[in-house]
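**Student:** Structure for the following, please:
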Amino acid sequence: MVTPESGRRGPLVAVCGAGACDSEEARLARETGRLLAERGAVLLCGGLGGVMLEAAAGAKEAGGLTVGLLPGDRAEQANPYIDLPLATGLGHARNAVIVRAAEAVIALPGGAGTLSEVALGLKMGRPVIGLGAFGEVQGVVLAASPAEAVEKALKLAVIGHRV
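**Tutor:** Sure, this is the predicted structure:
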């Protein structure tokens, strides 16, 4: 794995989930983002609210790098914890770009948009780790905690994949 000590970035790990979340989902997302940053991973997400905001906030608290692939045309739409907002103008189609760029995907509870990221990730050969969600989807690796989700994501990351 490429590490910050080597002068190169760590793996890109997408954290996906609902655009609005409850306090428990927020806690899980924030802890996941923090743990990813502590392990040197770059957090990739949709850049908006809910799970995306919480995961990015956790990563920033730990000094990590955050990238948000936004559905709209304006980078200003990004939540305040996104270091690199990329305004795609693709709407929901940006979900395909998120999982294509990712070396692993961690999916928290969400709706159809999150389910599309899970399905696309699996179709594209990305490891998809379900944290409290998507256990019924064949191919999703379940994790019982943020620490387990991060460990599995980093272990299973498509090493060497660079877009």
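**Student:** if I pick G89, what's in contact with it?
**Tutor:** 71-73 (Cβ atoms under 8 Å, 6 or more residues apart in numbering). Placement of C-beta: from N, CA and C, glycine included.
**Student:** If we use 10 Å, what do you get?
**Tutor:** With contacts defined as Cβ atoms under 10 Å, 6 or more residues apart in numbering, G89 is in contact with 70-74.
**Student:** Just the buried ones from these?
**Tutor:** Neighbour-count burial (16 or more other Cβ atoms under 10 Å) applied to the contacts of G89 gives 70-72.
**Student:** out of those residues, who's nearest L154?
**Tutor:** Nearest to L154 out of the buried ones among the contacts of G89 is L70 (Cβ to Cβ; 25.5 Å).
**Student:** so how far is L156 from the closest one?
**Tutor:** Using Cβ to Cβ, to the nearest Å, L70 is found at 27 Å from L156.
**Student:** if we can go back for a sec, got the buried ones among the contacts of G89 as CSV, with secondary structure columns?
**Tutor:** Listed next are the buried ones among the contacts of G89 as CSV, based on DSSP: H, G, I helix; E, B strand; the rest coil:
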residue, secondary structure
L70, strand
P71, coil
G72, coil
